[in-house]
Structure formats: C-alpha cells, structure tokens
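Asker: Model the structure of this input:
(chains A and B)
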Amino acid sequence: MIWLRRVLGVTGWAAFGLLYWAFAAPWFEEGWDPKSYDWTSDWTPAEPGEAFSVYDGLVTEILFSARDIKFYAYRWGPGHEFHILVQRPGRDDIERCVAAEPFTRWFMMLTDMTRGEMLAEPVAASPEDWAVLQLVAYRFVVEMPEFRLLLPTSPGQPIIATEFGTLGQYPIEWDPELFALVQQGCAGLGAPR
Amino acid sequence: MRRKPAPMLLLAAILLAGCEDECTRPGWGQPLSYMAAADVREMAVSGSDRKLYAYRSAAGDPFEIAIAYKAGDRVERCRSGPEFQRFLDAMVTLQVIRQSWHGVYSISSDWFVVELWPAGADHGVPHRLRPPVPGYPWSVMEWCFGDQYLVDIDPAVWESLRSGCANLGADAVGGA
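Answerer: Numbers count the residues shown, from 1 in each chain, chains lettered A, B, ... in the order given. Here you go, the predicted model:
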C-alpha cells in the first residue's frame, strides 16, 4: 500500500498549498497601502434604515467642523455636563459655555441616525460645503460615527449625509432646525456664563 | 510515534487563517497614517484631564489651538509653534516597534485619543495612545480589539502636550 500512502501524502500537501495560498498567505502580508487600496471594489449602496445608533454614555466629545465654525463639545466623563468651545475662522475670540437644554436634545438626536434612499443624483457641492461630524469615545477603542454633512440652505430640505466607506449620499431624518442650532454656537446650545 | 507533518501544517494554516479579522494588524516599521502633516487641517487630543482641539484653514497656516483643562475649568488658546509641529509630525509618522507582550491597563486616565482630519473629503484617523509612565518607558498604542503595540514616539513630544500652550504655542492669544 505504499502507493496509497504516497497519493495521500501528495494530496495532503496539495490541499495545504491551496489553503495557504487562499487564506494564510494574505495574513502574512503586512503594510497594505491605503493609497492604492481600491475602497470602492466591493461597494454597494446602503439600505434605507438605521445608519448607526450609539449609547450616549459612551460619547465624551462631539466635533462639528464646517467652513465657518469649529464647534467642539466635551465632558470629563459619563454623567458630567458637556462644555462647549466654539471658534470661528477669522475671529480671535472664542465662545465658551456649558451645554444647556437644547444641547441635550441636539446631542440625543446625534446618537441615532436613520437614513433614506441613496440619492440617485448626488448633490454637487464643493468639499468645503460639507461639514464633519465626529463623535469621540475617550475610554474605549470603538469605531465611532464620523459623517460628512451637507446642511440645507432652504427650509424643508433634509440634511444630506455621506459616510466614509459608503460613498453614496443619503437624506437623514434629523430635524434640520434643531441641528442648525449648532451654527449659533453658545447662543444656540449653551447656557451663558 | 511518527508525526505526520502535512496534516499538522494544514491544521496550522487553517488556524492562522481563522485568526484574521477585519482589523488589519499594523505593519512593523511603517507609518500607521497615510496622511502627510501638510494635509492635516484639524486635530483633537482627548485626555482624561485635558482636551485639545486645533484647526487651520490652509496648509501653510499655523493651527489655532484651544486646550481645556479639567483642573480649574480653564481654557488656553494659542497659535501653533514648532513644538506643535513636532507633535503633529510624530502623529503622522507613528510607527509600531512591536506588539506588547503583556499589555498595560487599558482603562486608566493615562491614555489619550488623538485624531487627525485631512483636508478634502477623507475621514479622520484616530489613535489611542498612552505616554510612557514611571516604570514603563514606552509609548503604547491600542489597536482595534484591544491589542497593544509599542510605538516610536519621542517622550519629549508628550512633555510638550503636558505643558500646553506654553510649549505648543508660538504666541499665546489669551485665555478664556
């Protein structure tokens, strides 16, 4: 039965080689290059529905960065009150306040996002027209939501969101008027000091 | 008893393949960020006792820095100087030395979350880092599901961060 042992041996090595080539070899490849990686290779439009939902107690910071306002809210831990810093490019002063009641509604809205159908014709806005919205969790290594938002320029229009990795643009079900309070900085979301 | 190498190697290959997850592990000796310092427009540094936010409108501009301190409910403001640029350079050229064998305590007030945002429509790049502490002279980075790596950061860079605008700023533009 020496021939059977040899056949089995060759078959085993062939199977090992195929599996190594298919699965294990890529594991050893280090330093893939994000510049050359094709991020769109397996992209499909996101389904309408929940884009994300995050436990509000995780969030320690919120950054809203638009061309004309840099809004940064932070707190020292879950259960602590949020503090707000607002800088406006071209101005030397800084707004500073403690978050007030409208901020709570604004913040709670931010912890859930529901999106509609992907826009068939994306809005052709320049990159500077989009604002960054980022939630930060200090204590944990977790993937926190980061979106680019296009705020409506006239009443009745929705906020448009695009998320890195999904490529498409989606209307979202946030209240545009409540969200727009952020542009007023401390006057909209904070309590005067 | 004679051991058969093929089945054992096959098993090892399957196990190795099974270890792969969506968090690509960082490569040794290569910068973790693919962002050039000149492309960075915003930075947030979140610590347990301080929060830093900095932005600039164009590549050649200095950063406008605001640092909030837990102690005394104080906020500093300044424009970035050479030490801030050094801190930024350290973040965009962050390199992994090796995996940490035993790891350090993950839930402690020593950690910082550093996130950089480039110009344009790209996404931010966050890193969770711990500066050297007494008895452990390495900077540590936590990656994905809690894996820890020793990273190459000049300890002086962390000292600049601790000193706030006194070191990071070119000229203080006042407190608030």
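Asker: Which helix runs longest in chain A?
Answerer: helix A:2-19 (DSSP state H).
Asker: Packing partners of that one?
Answerer: Using 3 or more Cβ pairs under 8 Å, 6 or more residues apart in numbering or on different chains; DSSP states H and E, the elements in contact with helix A:2-19 are helix B:5-19. In short, each C-beta sits where N, CA and C put it, glycine included.
Asker: Can you name the residues bridging to the nearest residue to B:Val104 once chain neighbours are set aside?
Answerer: Counting by Cβ to Cβ, 6 or more residues apart in numbering or on different chains, B:Val140 is the residue found nearest to B:Val104 once chain neighbours are left out, at 5.6 Å. Here B:Val140 sits in beta bridges with B:Arg130, B:Leu150, going by DSSP bridges.
Asker: all strands for chain B, in order.
Answerer: B:40-46, B:50-55, B:64-69, B:74-80, B:96-99, B:112-118, B:125-130, B:139-143, B:147-151, B:169-175 (DSSP state E).
Asker: between these, which gets the lowest average pLDDT?
Answerer: Ranked by mean pLDDT, those bottom out at strand B:169-175, with a mean of 62.
Asker: rewinding a little: could you dump the strands of chain B to CSV with distance to A:Ala73 and mean neighbour count?
Answerer: Shown next, in CSV, are the strands of chain B (distance: least, Cβ to Cβ, whole Å; neighbours: other Cβ atoms under 10 Å in any protein chain shown):
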stretch, distance to A:Ala73, mean neighbour count
strand B:40-46, 11, 22
strand B:50-55, 10, 24
strand B:64-69, 10, 22
strand B:74-80, 13, 20
strand B:96-99, 32, 15
strand B:112-118, 15, 22
strand B:125-130, 17, 20
strand B:139-143, 24, 22
strand B:147-151, 29, 19
strand B:169-175, 19, 15
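Asker: pull the CA atoms of stretch A:8-17 into CSV?
Answerer: Provided in CSV are the C-alpha atoms of stretch A:8-17 (Å, rounded to 0.1, in the frame of the first residue of the first chain):
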residue,chain,number,x,y,z
LEU,A,8,-2.5,10.6,0.2
GLY,A,9,0.7,12.5,1.0
VAL,A,10,0.7,14.3,-2.3
THR,A,11,-3.0,15.1,-1.9
GLY,A,12,-2.4,16.5,1.6
TRP,A,13,0.5,18.7,0.5
ALA,A,14,-1.6,20.0,-2.4
ALA,A,15,-4.5,20.8,-0.2
PHE,A,16,-2.2,22.5,2.3
GLY,A,17,-0.7,24.6,-0.5
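Asker: Check the offset of that stretch from the chain's centre.
Answerer: Relative to its chain's centre, stretch A:8-17 lies at 46 Å (Cα atoms, centre = their mean, to the nearest Å).
Asker: same thing with stretch B:158-170?
Answerer: How far stretch B:158-170 lies from its chain's middle: 16 Å, per Cα atoms, centre = their mean.
Asker: Residues touching that stretch, excluding its own?
Answerer: B:45, B:50, B:52, B:62, B:65, B:67, B:69, B:76-84, B:86-87, B:112, B:131-132, B:139, B:172 (Cβ atoms under 8 Å, 6 or more residues apart in numbering or on different chains).
Asker: And the spatially closest residue to A:Arg75 that is not a sequence neighbour, how far from chain B?
Answerer: In space, and not counting its chain neighbours, A:Arg75 is closest to A:Phe82: 4.7 Å by Cβ to Cβ, 6+ apart. To chain B, A:Phe82 is 11 Å away according to Cβ to the nearest Cβ, to the nearest Å.
Asker: What is the neighbour count of A:Phe82?
Answerer: 21 (other Cβ atoms under 10 Å in any protein chain shown).
Asker: Phi first, then psi, for it.
Answerer: The phi/psi pair for A:Phe82 (degrees, to the nearest 10) reads phi -80, psi 140.
Asker: Got the phi and psi for the spatially closest residue to B:Ala71 that is not a sequence neighbour?
Answerer: Nearest residue to B:Ala71, sequence neighbours excluded (Cβ to Cβ, 6+ apart): B:Asp49, at 6.6 Å. B:Asp49 adopts backbone torsions of phi -120, psi 0, taken as degrees, to the nearest 10.
Asker: wait, B:Asp49 sits on B:Ala68?
Answerer: No: under the criterion of Cβ atoms under 8 Å, B:Asp49 makes no contact with B:Ala68, lying 9.7 Å away.
Asker: The residue nearest the centre of chain B: what's it in contact with?
Answerer: For chain B, the residue sitting closest to the mean C-alpha position, by Cα atoms, centre = their mean, is B:His127 at 4.0 Å. B:His127 is in contact with B:Leu32, B:Met91, B:Leu94, B:Val113, B:Val114, B:Glu115, B:Met141, counting by Cβ under 8 Å, 6+ apart.
Asker: Who are the contact partners of the second one?
Answerer: In this structure, B:Met91 makes contact with B:Ser33, B:Met43, B:Val114, B:Leu116, B:His127, judged by Cβ under 8 Å, 6+ apart.
Asker: likewise the last one?
Answerer: Neighbour list for B:Met141: B:Pro26, B:Leu32, B:Leu94, B:Val96, B:His127, B:Arg128, B:Leu129, B:Arg130, B:Gln148, B:Tyr149, B:Leu150, B:Val151 [criterion: Cβ under 8 Å, 6+ apart].
Asker: The fourth one against B:Ser139, yeah?
Answerer: No: B:Val96 is beyond contact range of B:Ser139, at 10.5 Å (criterion: Cβ under 8 Å).
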